Each structure stands twice: as C-alpha cells, then as structure tokens.
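Participant: Here is my input, please return the structure:
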Amino acid sequence: MSAPRVPPAAVARDRLRIAVQRSGRLAGSARALLAACGLVWREAEDQLFWPGREQPVDLLRVRDDDIPGLIAAGHCDLGIVGRNVLLERQGGAPRPPAVREWRALGFGRCRLAVAVPAAWTWRGPADLAGRRIATSYPGLLAAWLRAEKVPAEIVTLAGSVEIAPQLGQADAVCDLVSSGATLAAHGLVPVADLLASEAVLAGPRAPLAPAPARLAATLLRRVDGILRHRACRLVLLQVERERLAGLLDLLPDAEAPTVMQVDGADRLALQALCRGELTWQRREALERAGAHGLLVLPVEGVPA
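Facilitator: Next up, the predicted model:
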C-alpha cells in the first residue's frame with residue numbers, strides 16, 4: 001500500500017514562498033519590488049510556480065483573491081495583494097484573522113467607494129435605505145451598511161459593477177475608484193468612501209517556520225529600505241558663494257551637504273542626498289535661487 005499523500009501545507013519547507021497576482025494592476029509593480037530586493041526566478045510565462053534562482057525564495061503566480069486563502073492554509077508564506085482583497089477575504093469573522101497586513105507598499109492606491117447616479121441629490125448614507133447596491137465586495141459593504149445602520153440589498157457581481165444601474169440590476173454601486181473616469185462614463189459619481197486601499201505585503205498572524213522566518217526577515221529589511229528611500233535623490237549643482245545660504249534653505253531635507261570650492265572661480269559645487277520629493281516646482285525654485293548645472297539622480301540604496 002502506498003503512503004498517504006501529505007498535504008503541501010503540512011510539509012516543512014526550508015524555502016520562502018511568496019504569492020503575487022499573475023496578471024492585473026498589481027502584478028508588474030509587485031514583481032518589480034521583489035526584483036529590487038534582489039530576487040530572481042526561473043521564469044516561464046506559462047508556469048504558475050517560479051523557483052528562485054539565487055536564493056531559496058519561490059514565486060507563486062495566482063489570482064489575487066486566492067492569495068489570502070493560500071497564506072491561511074500554509075501553501076505560501078507571504079503575498080502581495082490589495083488591502084481591499086485582504087479585508088474582503090477575512091469576512092468579518094469575530095476571531096482575529098489568520099492573515100494580516102505586514103507592510104503597506106505604496107503602489108496600487110485606490111479607494112472602495114459607494115457611487116450613485118449623477119442625477120441623485122446625495123444627502124448621506126440614509127439615501128441608500130431600501131436600495132439595491134451592486135458590488136464585488138459584499139463583506140466590506142455589509143460591514144459599512146451595518147455601521148451606518150442602513151438597511152439595503154446587496155447585489156453581488158463578479159465584475160462590470162459600474163454598468164449594473166444601467167441594466168436595472170441595482171440602484172447604486174460599491175466599487176474600486178482610482179481616477180473616477182470609469183464611473184463618470186457610466187453616469188455615476190462617488191459619494192462615500194469605505195476604504196483606502198493599496199498593495200500590501202500580507203503574511204500569517206502565527207509565526208512562520210524557522211527557515212522561512214529567517215528569509216522573511218531578510219526580505220522585510222530590504223522592503224523597508226526600498227520604501228524608506230524610494231523618494232531619495234542625489235542632488236548635484238554649482239552655486240555662487242553668496243547665494244549658498246538661500247539655496248540651502250530650499251534643501252531642508254538634505255543630509256549634511258558636501259560643499260567644495262570650484263577651481264578658478266568664486267563658485268561652489270554642492271552634493272546632497274535629499275529624502276524628500278524633488279518635484280519640478282522644487283527644481284525650478286533651486287534654479288531661481290542660483291543653482292547651475294543642476295542634476296537630480298535616483299539612488300538605489302542608502303544607509304538607514
């Protein structure tokens with residue numbers, strides 16, 4: 001008699017397994033973040049499982065709404081998923097969820113909002129009483145309606161939520177909103193936000209096994225470094241000596257700028273690491289303050 005098959009979740013692994021969206025709005029940014037952490041895989045677009053090449057970290061490419069369940073069941077250790085999906089899959093259980101948000105990652109930002117026909121005169125959530133609301137997030141919507149004490153019917157749809165009022169399926173919708181252009185194209189306007197969402201690194205509430213835990217700790221340090229220094233820029237410029245003080249006032253986030261005399265001129269060369277965003281407006285202000293030959297360069301890694 002052959003030995004019984006051991007479920008994958010029960011097998012002790014010495015590798016870290018990360019789940020990401022196979023395709024969709026978070027897929028490219030999630031893989032780019034992990035690549036910036038130094039992870040590479042044996043890639044094959046027709047495969048869902050990509051083994052790690054240089055480190056014992058494997059990638060699982062799946063549907064985003066499957067990721068919380070895969071983590072909860074132990075089939076993977078970490079996942080990059082939208083906060084909206086993570087919270088929806090938790091289902092409002094009274095016990096603490098098995099999967100939690102470990103880090104907010106700063107990309108894929110959007111909001112979950114109730115939208116109503118533009119012809120409505122919106123006075124507040126009470127206007128939804130007795131109405132039908134179409135959504136792909138029935139759990140989050142139900143929790144919000146309970147909190148607002150609004151009795152309404154939830155119409156659960158897998159997609160194309162914004163067209164539901166035109167088809168007579170619903171009176172309003174609850175859907176993800178980025179720019180609002182899709183809602184506007186269907187004659188809808190967002191009127192109430194339920195949740196601010198973005199991509200998050202999710203993991204189990206319970207401790208990982210020792211080997212995956214060590215790998216996860218290393219990954220978290222790298223992710224934190226990337227997030228901390230994402231806006232860092234190296235600023236190089238020259239400025240007349242008498243204008244240096246005024247120019248430095250525009251660089252309050254510069255870490256101990258290096259200032260050197262330029263040979264043969266009453267001009268200084270300045271090099272500074274800036275941790276704030278260098279917008280075009282800020283660059284133009286530096287030039288008006290006397291900056292010459294201004295260069296703003298990205299920084300791949302700096303100390304914490």
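Participant: Arg31 - that's part of a helix, no?
Facilitator: Yes: Arg31: assigned to a helix according to DSSP: H, G, I helix; E, B strand; the rest coil.
Participant: Which residue, other than its chain neighbours, is closest to it?
Facilitator: Val20 (6.4 Å; Cβ to Cβ, 6 or more residues apart in numbering). (Each C-beta comes from the backbone N, C-alpha and C, glycine too.)
Participant: Show me where the stretch 151-300 of the chain has its strands.
Facilitator: Along the stretch 151-300 of the chain, the segments classed as strands by DSSP state E, counting those that start in this stretch run 153-156, 172-177, 188-197, 199-204, 233-240, 254-261, 267-274, 292-298.
Participant: so which of the ones you listed comes closest to Phe107?
Facilitator: strand 199-204 (5.2 Å; Cβ to Cβ).
Participant: mind pulling up the phi and psi values for Gly180?
Facilitator: Dihedral pair for Gly180: phi 90, psi 0, per degrees, to the nearest 10.
Participant: what's it in contact with, if anything?
Facilitator: Val189, Pro190 (Cβ atoms under 8 Å, 6 or more residues apart in numbering).
Participant: now Met260
Facilitator: Met260 makes contact with Leu268, Ala269, Leu270, Gln271, according to Cβ under 8 Å, 6+ apart.
Participant: now do Gly293
Facilitator: Leu236, Leu237, Gln238.
Participant: of all those residues, which comes closest to Pro51?
Facilitator: Out of the contacts of Gly293, the member with the shortest distance to Pro51 (by Cβ to Cβ) is Leu236, at 41.7 Å.
Participant: Quick check: nearest residue in space to that closest one, chain neighbours excluded?
Facilitator: Leu236 sits nearest to Leu295 (Cβ to Cβ, 6+ apart), 4.3 Å away.
Participant: Was I right to think the one you found contacts Gln238?
Facilitator: No: using Cβ atoms under 8 Å as the test, Leu295 is too far from Gln238 to be in contact (10.2 Å).
Participant: So which of the two has more stuff around it?
Facilitator: Gln238 (16 against 11; other Cβ atoms under 10 Å).
Participant: Correct me if wrong: that one contacts His292.
Facilitator: Yes: counting by Cβ under 8 Å, His292 is a contact partner of Gln238 at 4.5 Å.
Participant: re the thing from before, buried among the contacts of Met260? Need that as a selection in ChimeraX.
Facilitator: Here is the ChimeraX command that selects only those of these that count as buried (16 or more other Cβ atoms under 10 Å):
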select :268,269,270
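Participant: any idea how far the lowest-mean-pLDDT helix or strand in the chain is from the chain center?
Facilitator: The weakest-scoring helix or strand in the chain, judged by mean pLDDT, DSSP states H and E, is strand 254-261 (a mean of 86). On the basis of Cα atoms, centre = their mean, to the nearest Å, strand 254-261 sits 34 Å off its chain's mean C-alpha point.
Participant: Also stretch 251-264?
Facilitator: The answer for stretch 251-264 is 35 Å, by Cα atoms, centre = their mean.
Participant: For the residue nearest to Leu236, give me its contacts.
Facilitator: With contacts defined as Cβ under 8 Å, 6+ apart, the neighbours of Leu295 are Val235, Leu236, Leu237.
Participant: that older thread, now do the shared contacts for Gln238 and His292.
Facilitator: Each of Arg267 lies in contact with both Gln238 and His292 under the rule Cβ under 8 Å, 6+ apart.
Participant: Name the spans of this protein whose pLDDT lies under the cut-off.
Facilitator: Applying pLDDT under 70 to the chain flags the ranges 1-12, 91-96, 264, 300-304.
Participant: List the residues that contact Cys76.
Facilitator: The neighbours of Cys76, taking Cβ under 8 Å, 6+ apart as the test, are Arg17, Ile18, Ala19, Leu60, Ile67, Leu70.
Participant: Over to it. Which of the three states is it?
Facilitator: From three-state DSSP, the assignment for Cys76 is coil.
Participant: for it, phi and psi?
Facilitator: phi -140, psi 160.
Participant: Looks like Arg222 contacts Cys37 (just checking).
Facilitator: Yes: between Arg222 and Cys37 there is a contact at 4.1 Å, judged by Cβ under 8 Å.
Participant: So which residues make contact with the helix or strand containing the residue nearest to Arg31?
Facilitator: Using DSSP states H and E, Val20 falls within strand 16-21. Here strand 16-21 makes contact (Cβ under 8 Å, 6+ apart) with 26-27, 30-31, 34, 56-64, 66-67, 70-71, 75-81, 211-212, 215-216, 219.
Participant: Direction included, what does that strand pair against?
Facilitator: Here strand 16-21 is paired, per DSSP bridges, with strand 57-62 (parallel), strand 78-82 (parallel).
Participant: what residue lies at the spatial centre of this structure?
Facilitator: The centroid of the chain falls nearest to Ala199 when counting by Cα atoms, centre = their mean (2.5 Å).
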